[in-house]
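*Asks:* Any chance you could fold what I've pasted below:
(one chain, ligands or ions: 1)
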Amino acid sequence: MNLADNLEDLRARFEDALKNSAGASSLDAVRVAFLGRSGEVTAVRRSIGKLPPAERPAAGQRINEAVEQMERALNEAQANAQALEVGASLSQRIDVTFPSIKPQQGSIHPMKRVMHDVCAYFERHGFAVVVGPEIEPDYYNFDALNIPPDHPAREGFDSFFLTPNLLLRPHTSPMQIRTMQQHRPPVAVVVPGTCYRRDAVDARHLFQFNQCEGLLIDEGVHMGHLKGMLTGMCREIFGSEQQVRFRPSYFPFTEPSAEVDTTCPLCRGAGGECRMCGGSGWIELGGAGMVHPNVLRNVEYDPDVYSGWAFGFGVERMALVRYDVDDIRRFFENDHAFLEQLA
Ligand code: DAH
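*Replies:* Have a look, this model is predicted:
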């Protein structure tokens, strides 16, 4: 074989070897076999010595050209093989069946959820949700609500005074006055909000707590409307079996007045040894009644034309009943395990 045929044959075998090699390591083997120090190209180079001296430079150049082409092809094949291997190793690391890490998600606090649900119930019945200041003068907390300065009922509110005339509101009832001052009847509002009293903290009391107040004023409103609305609310918040009981009571701003109880969620009204209701079968939610004519007069509503009802319920108390929790402090300890159970 002459040199040209030799090179042709070499190139054909090189291309075959390249085609048949899979992966970077077998390409290395091809490089060694053809271009390595004791590879096939070297053998062809040696054969130059047998040529007449005049032909040697041209023969050397042809070999060099062939070697350059082979090297280019090898480098290209090697780059391709590497890219494939990297791609394969990356796709192995992404296991789409592997369980993902769930993002931490918060939830609405049980107290807020009750507050929201109470408001939603009344909104559906045409009430507006209004909120008011937590710092109120005497007038809104007491005087306008028919509790004059020397009235013994003021004692019951055990308030935090900021100045002789300003206090942290001990109930949401001041918003009854503010609402009626701003609007002519008919009026239908629900007032969620935080209240403060100088109470010693125990399983049933906090010095900072929340109430939901309700107020409806129109012509011809009577106690039956109050009873129907509060019974409906309790059934929605606590379940369809829920009973509501009105116990005669006294508040200066309502006449007649009642304290409102609902079936104990734990014993379902059976009483006995029940730890939640102490055996009565009932849990007290708050106060209610028909708005006192003096209160209507204080906001220049004519009590001969208008009448209305009001109520004020403790939100934490409702949450205790709804979630069957026996200590009000549990809601505010920020114990995740506890709060997650109720979420
Ligand atoms: N404000 C009263 C309290 O905190 C509760 C209350 C009783 C509110 C009767 C009312 C009501 O609106 O009519 O003890």
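
*Asks:* Strands of the stretch 101-250 of the chain, residue ranges please.
*Replies:* For the stretch 101-250 of the chain, the strands defined by DSSP state E, counting those that start in this stretch cover 128-129, 135-137, 166-168, 187-196, 208-218, 244-251.

*Asks:* Which secondary structure elements does the longest helix along the chain sit against?
*Replies:* Across the chain, the longest stretch assigned as helix under DSSP state H is helix 56-93. Helices and strands touching helix 56-93, by 3 or more C-beta pairs under 8 Å, 6 or more residues apart in numbering; DSSP states H and E, are helix 3-20, helix 24-35, helix 40-46. C-beta here means a position set from N, CA and C on the backbone, and glycine is covered the same way.

*Asks:* list the contacts for the residue of the chain positioned farthest from its centre?
*Replies:* Residue farthest from the centre of the chain, counting by C-alpha atoms, centre = their mean, is residue 52 at 90.7 Å. Residues near residue 52 by C-beta atoms under 8 Å, 6 or more residues apart in numbering: none.

*Asks:* That one and residue 62: what is the separation?
*Replies:* Residue 52 sits at a distance of 15 Å from residue 62 (criterion: C-beta to C-beta, to the nearest Å).

*Asks:* okay, now the residue lying closest to residue 299 once chain neighbours are set aside: neighbour count?
*Replies:* Spatial nearest neighbour of residue 299, excluding adjacent residues (C-beta to C-beta, 6 or more residues apart in numbering): residue 180 at 3.9 Å. Residues near residue 180, counting by other C-beta atoms under 10 Å, number 24.

*Asks:* My read is that residue 180 contacts residue 187, right?
*Replies:* Yes - between residue 180 and residue 187 there is a contact at 6.1 Å, judged by C-beta atoms under 8 Å.

*Asks:* Now for those two: what residues contact both?
*Replies:* Contacts common to residue 180 and residue 187, judged by C-beta under 8 Å, 6+ apart, are 215, 217.

*Asks:* Could you list the domains of this structure?
*Replies:* With automatic domain parsing as the criterion, the domains of the chain are listed as 3-91, 110-342.

*Asks:* hmm, the longest one touching the ligand?
*Replies:* When you say that, I think you mean domain 110-342. Yes - Domain 110-342 lies within reach of the ligand by C-beta under 6 Å from any ligand atom, at 171, 173, 213, 251, 254, 286-289, 310-312.

*Asks:* In TSV: those, plus neighbour count and pLDDT.
*Replies:* Below are these laid out as TSV (neighbours: other C-beta atoms under 10 Å; pLDDT from 0 to 100):
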residue	neighbour count	pLDDT
171	25	97
173	29	98
213	24	98
251	23	96
254	25	98
286	21	96
287	22	98
288	25	98
289	24	98
310	26	98
311	24	98
312	25	98
